[in-house]
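# here's my sequence, what's the structure:
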Amino acid sequence: YDSTVAGPGAADDGIGMAVMLETAAHLVDRPLPRPVTFLFTDGEEAGLLGARAFVDRNPLAGKVGALLNFE
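Next up is the predicted model:
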């Protein structure tokens with residue numbers, strides 16, 4: 001996921017994916033005061049393509065109160 005020539009597939013950001021999935025697993029049954037969105041993007045090394053697409057095209061982007069980047 002999110003491959004580069006030098007770091008194909010999971011070698012590029014496997015730990016970031018694992019941290020987000022584990023965090024989501026811990027939050028799934030907990031009542032939270034605010035909604036949480038997990039954004040898994042691709043093409044970041046090529047110019048933040050996934051993040052840019054989210055900001056430009058997804059209505060949830062306007063509701064982001066905080067951001068944690070595990071890339």
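
# in the helix or strand harbouring Ala51, what's buried?
Under the criterion of DSSP states H and E, Ala51 resides in helix 49-57. Buried residues in helix 49-57, counted by 16 or more other Cβ atoms under 10 Å: Gly50, Ala51, Phe54. For glycine as for every other residue, the C-beta is placed from the backbone atoms N, C-alpha and C.

# with only the CA atoms kept, save it in CSV.
Extracted in CSV, the C-alpha atoms of helix 49-57 (Å, rounded to 0.1, in the frame of the first residue of the first chain):
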residue,chain,number,x,y,z
LEU,A,49,-2.4,13.0,-4.2
GLY,A,50,-4.6,11.1,-1.8
ALA,A,51,-4.7,13.8,0.8
ARG,A,52,-5.3,16.5,-1.9
ALA,A,53,-8.2,14.5,-3.4
PHE,A,54,-9.8,14.2,0.1
VAL,A,55,-9.5,17.9,0.7
ASP,A,56,-10.7,18.9,-2.7
ARG,A,57,-13.6,16.3,-3.1
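
# now it: mean pLDDT?
The average pLDDT within helix 49-57 is 92.

# what does that helix rub up against?
Asp2, Leu39, Phe40, Thr41, Asp42, Gly43, Glu44, Leu60, Ala61 (Cβ atoms under 8 Å, 6 or more residues apart in numbering).

# which of those ranks first by neighbour count?
Among those, the one with the most neighbours (other Cβ atoms under 10 Å) is Asp2, at 20 neighbours.

# how far does the helix holding Ala51 sit from the chain's center?
11 Å (Cα atoms, centre = their mean, to the nearest Å).

# what segments of this structure are strands?
Remark: strands of the chain are absent; assignment by DSSP state E.

# please report the distance of the residue nearest to Val36 when sequence neighbours are not counted from Pro35.
In space, and not counting its chain neighbours, Val36 is closest to Leu27: 6.2 Å by Cβ to Cβ, 6 or more residues apart in numbering. Taking Cβ to Cβ, to the nearest Å as the measure, Leu27 falls 11 Å from Pro35.
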